[in-house]
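In: Okay, structure incoming, though there's no sequence with it:
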């Protein structure tokens, strides 16, 4: 048992170093979009990326387009420039195919040069027919077939996108971990999880009808503070009641991320939220199992308080970095 506790403490010390470094290299909201128009053997592509995503990319005028490739196409012209009025970095490129394509294979690895949870939405058109694809660090290849997708394909694609977005960033996982730590019993964990999901859904349904639309930086800073706030609850108010209400409010802040995602993709909110809910429930279950085992190994060494302190530090550091970015 002593060896297990020593191993746990060693892992915790290493986790501090790793987790505190994570906020510096990732964003909660990291998205870009692009449009590809194919006419005959020629094609025109426009890439739009927020300026804050480009700040750490070396030679973005070349690097970004190098990481979006269309099979069988040769680039014949390209131009990139900052649009400060819209806070966007825009690249436009013209391509030429050897023969008119009826489908286009695309490889996109923008996550390799931006941040690991970066998402690129590509819309394409050929002869009046449209298709679209989403790329991230896990899905770097897609085939645009320019046909209407079946109902099953729509459901799988959009629910899968919700799953990936729910678990696509470190801050989402940290918050779910904090949610599990905040629950003192299994019944309370079920209540907190349910209210968090309800808050998320309520935000997505209400946000489109509000005059105020959140900026990505606000969503990032708010998400970081949700992690820190839950940690404060655990450390300073261990016997406080009404955490279910707090979980619902924090769910609203996390719902803003899905609202931005739905705005950019035009996906169906029901499918995206269904996929996200399944992913979040699965992650909460895994964290609950891991923490229960850690508690047994720690044998009274207060792993909940130590973990909450780590989450508090991470949340505050993340918040500070996002305000400065």
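Out: That came through, no problem. Bear in mind that the values here come from a model prediction, so they are computed numbers and not experimental data.

In: List the buried residues of the helix ranked longest in the chain.
Out: Under DSSP state H, the helix in the chain containing the largest number of residues is helix 269-298. Residues 269, 271-277, 279-280, 283-284, 287-288, 291, 294, 298 are the ones in helix 269-298 that count as buried (16 or more other Cβ atoms under 10 Å). For glycine as for every other residue, the C-beta is placed from the backbone atoms N, C-alpha and C.

In: Same check on stretch 161-171?
Out: For stretch 161-171, using 16+ other Cβ under 10 Å, the buried residues are 161, 162, 163, 164, 165, 166, 167, 168, 169, 170, 171.

In: The second one sits in which helix or strand?
Out: Same thing as residue 162. Using DSSP states H and E, residue 162 maps to helix 151-166.

In: Against which helices or strands is that helix packed?
Out: helix 243-265, helix 269-298 (3 or more Cβ pairs under 8 Å, 6 or more residues apart in numbering; DSSP states H and E).

In: Please repeat the previous calculation with a cut-off of 10 Å.
Out: strand 119-126, strand 129-135, helix 170-182, helix 243-265, helix 269-298 (3 or more Cβ pairs under 10 Å, 6 or more residues apart in numbering; DSSP states H and E).

In: Mean pLDDT lowest where, among these?
Out: Here the helices and strands packed on helix 151-166 differ in mean pLDDT, and the lowest is helix 170-182 at a mean of 80.

In: That one vs helix 243-265, what angle?
Out: 160 degrees (axes from the mean of the first three to the mean of the last three Cα atoms, to 10 degrees).

In: And the helix or strand just after helix 170-182, what's buried?
Out: Going down the chain from helix 170-182, the next helix or strand is helix 186-206, by DSSP H and E. For helix 186-206, the neighbour count (16+ other Cβ under 10 Å) marks 189, 192, 193, 195, 196, 197, 198, 199, 200, 201, 203, 204 as buried.

In: helices and strands around the following helix or strand past helix 186-206, which ones?
Out: Beyond helix 186-206 on the C-terminal side, the first helix or strand identified by DSSP H and E is helix 216-236. Helix 216-236 is packed against helix 51-54, helix 170-182, helix 243-265, helix 303-324, with contacts defined by 3+ Cβ pairs under 10 Å, 6+ apart.

In: Thank you kindly, that will do.
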